[in-house]
Structure formats: C-alpha cells, structure tokens
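Trainee: coords please:
(one chain, ligands or ions: 1)
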Amino acid sequence: MRTRPFDARSAVPLLVEPDGDPSVDALVAWLRADPAATQALLTKHGAFLFRGFAVDGPDAFERVARAVDADLQNNYLGTSPRDAITPYVFTASELPGHYPIPQHPEMTFLPEPPRRLFFCALRPNDGPGGETPLADFRAVYRDLDPDVRARWEARGVRIVRNYGGPEGQGTRDPRQLKRWDQMFGTTDRAEIERICVTHAFTPTWRDDGRLRLVSTQPAAQPHPVTGEMVWFNHAHVFHGSVAPGEYKRIATRLGAWPWRGWQLAATALAFWQGLGRDPEDGAMHVTFADGGAIPEADFEAVRDAIWKNMVFPRWERGDVTAIDNRSVSHGRMPYSGERLVAVCWA
Ligand SMILES: [Fe+2]
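Mentor: Take a look at the predicted model:
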C-alpha cells in the first residue's frame, strides 16, 4: 500500500492507495496483517481514506469496515434521518442536499459514543459541494480561544431536544428532524424510558404529545488511548445559530450563490423562532450544564476553530473513510443532484 497525508496542512486523513492489487481482499489482508499497528496508525492520523480499491457496494464497504473494527453496531440515537441498506450499513443522512451538516464527532452526548465511524461513496455527486469534510478535534481544542475553552470546560454543556410524537404533534417546527417513535423504534413509553436511562437522557413527556430529552456532557474529553484533550460536544450543532453560522462560511468557500440566500433565510428563521418563545421549547436548544445561556460569540469562536481545521476530500466512487470518532469529526457540505454515501460504525 502507498500511504501519505491527504492534505499537507493536516495529519487527517491518511490516504491509503493500492500499490498493485486493488482488490478488497488485498486491503482487508493489509489491515488485518498487524491489527495493533493498524489501530496505532488510525489513532495517530485520526482517519484513513482508502482510495482506488474495488469497493463496489455496501457488502464490500462492510468488509473493509470490519477489517478495521469487527464490532459494528446498528443502534442509532442521533437526530439525522437514516435508512438501512443492510443490517449494519445505512444511508449517511436523508436530509435534503441544500442542508449543511456541521462538523461533529458521532453521538458525543452518549456515555459511550462510537469508537469508529466509516463512510463510503457509493455514488458521489457531480458539481460543487457534497464532501464529507473531516476535522481534527484535538487541533480544534488547541486552537480554540482560551477564554472560551476555559469557560466551557468549567461549566459543561446541556443539550435539549424536543421530538414530535407519533400522531404528528410538534412536527410543524421546521427544525424538527424526526419523531420520538422513529428515533427509538417503538411507541412503548416504558421501553423508551428504559433506553433513556441507559444513555443518561432525562425524558419528559409533554402534554402536547412531544418528548423532551435533556442530557449534559463535558465540553472536552481526553482521548481514551492517548489522553490528548479533544473538543467533544454537540453544542454548536444544536444551537439556533448553526444554520446562519454554517451558511456564512459555506458561501465563502463555495461562492455566494445560493448560499448567501440560505444564510439570510436561516437568519430570519432563527429570529422568527426566537420571538416570544421559550428556547427550551424549540426542536433543539443548548445551554451551559447549569442552565445558563452560552454567549452567541462563543459559538462563532467554536466554528472558527473548527473551520480552520477542516479538510475537504472530494468523493470518488468507492472511497471509504475510517474515522477515529474520539478525535476526528465529520460533516457534510451542501450539494445538489444525486449522491449516495453510506455509513456504519463500531
Ligand atoms: Fe454524524
């Protein structure tokens, strides 16, 4: 195999290409030849980008993923709508293409977030955007304004999510991503409460049929292997400033049109949603763990540190990324047209 950093500005990801045999068998054999060395390389670089191999569908993708981590999971308690392709491989997100997905490590709000995350470009989009950018959240921690970092580390983060119910309650909120029965795969409230205990969510059943989930988390955590500090929370994803803040930066990268328009629309929507409403009642909200408001400028500082560290590999058909979810984030640049990217995790 030939290996080199994909982007000279970042250790993330390590590009791995065939030096001869491009078969999935050859890649799997290379990954399994010295499992400890493979894990050490992934920990060091934070992500692999496997390019030029004969990954021709979800089964081949799953074989590559299992060669990195055999313990794939298929329980998902995030906010993105996803469809199953196989029992362990899902569409990365069914959110419309114009919708940006900001950088985040997967499911940071769980007591045991995934160790590994894998993406595969089954059908890359034509035209601009559509990347699944990566960012080294060890570097984000180091680059973040020290005052913001200290404040967030001292006070922690509290996430509030309000899910609509199976009768369609609350689903008129444009930021509503899915219903609680879809999220948990059941309408049995006792079963949902049991799952909430497992994941340290505090559930409240609302009179209007919605479900509120509250969880708290530290702003940063040491990496479980190296002990390096990693920025590790979902606050900037769930805050009302997310869409305007992301579209502003996307417009700078992809060109003004149509992203300045989306930025204005998102800003207007965020303003309208804030009018006379309790922010705790919105689809998503975030505060410090003690309930205090987080300054708006702090979210901009977090986004600045993240965007400074993003790398944007253009998808090529059959590309696979393997990510150390405890140090490296992922997201999605907006795009138009057809695109199919699959995900699995361990
Ligand atoms: Fe994600």
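Trainee: So, low pLDDT: which residues of the stretch 151-300 of the chain?
Mentor: Across the stretch 151-300 of the chain, the ranges flagged by pLDDT under 70 are 169-177.
Trainee: now the strands: where do they sit in it?
Mentor: 157-163, 202-205, 211-217, 220-222, 229-231, 284-288 (DSSP state E, counting those that start in this stretch).
Trainee: for the stretch 1-150 of the chain, same thing?
Mentor: 2-5, 14-17, 47-50, 90-91, 101-104, 116-123, 134-136.
Trainee: list the helices and strands the last one packs on?
Mentor: Other helices and strands packing on strand 134-136, by 3 or more Cβ pairs under 8 Å, 6 or more residues apart in numbering; DSSP states H and E, are strand 310-311, strand 328-332. For the C-beta atoms, the positions are set from N, CA and C on the backbone; glycine is no exception.
Trainee: Name the stretch among those that sits most buried.
Mentor: Counting by mean count of other Cβ atoms under 10 Å, strand 328-332 has the highest mean neighbour count of those, with a mean of 24.
Trainee: Any buried residues in the helix or strand that comes right after that strand, and which?
Mentor: The helix or strand immediately downstream of strand 328-332 is strand 340-345, counting by DSSP states H and E. Neighbour-count burial for strand 340-345, counted by 16 or more other Cβ atoms under 10 Å, picks out 341-345.
Trainee: Check the gap between the residue nearest to A342 when sequence neighbours are not counted and T287 for me.
Mentor: Leaving aside its sequence neighbours, A342 sits nearest to C120 (Cβ to Cβ, 6 or more residues apart in numbering; 4.6 Å). Separation of C120 from T287 (Cβ to Cβ, to the nearest Å) stands at 36 Å.
Trainee: Please say which of the two ends up with more neighbours.
Mentor: Neighbours were counted for C120 and for T287 using other Cβ atoms under 10 Å; C120 has more, 27 against 21.
Trainee: Tell me what the spatially most central residue of the chain is bridged to.
Mentor: The residue lying closest to the centre of the chain (Cα atoms, centre = their mean) is H104, at 4.0 Å. Beta-bridge pairing for H104 (DSSP bridges): H330.
Trainee: Go ahead and confirm A26 touches P18.
Mentor: Yes: if you go by Cβ atoms under 8 Å, A26 and P18 touch, sitting 6.6 Å apart.
Trainee: re earlier: please produce CSV containing the buried residues of strand 340-345, extended by distance to H239 and pLDDT.
Mentor: Shown next, in CSV, are the buried residues of strand 340-345 (distance: Cβ to Cβ, whole Å; pLDDT from 0 to 100):
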residue, distance to H239, pLDDT
V341, 25, 97
A342, 29, 97
V343, 24, 96
C344, 28, 96
W345, 24, 96
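Trainee: quick check, nearest of the residues you listed to Y141?
Mentor: Nearest to Y141 among the buried residues of strand 340-345, counting by Cβ to Cβ, is W345 at 22.3 Å.
Trainee: Quickly list the domain ranges of this protein.
Mentor: 2-137+312-345, 139-305 (automatic domain parsing).
Trainee: Please work out which of these is packed deepest.
Mentor: Scoring the domains of the chain by mean count of other Cβ under 10 Å, the most buried comes out as domain 2-137+312-345, with a mean of 19.
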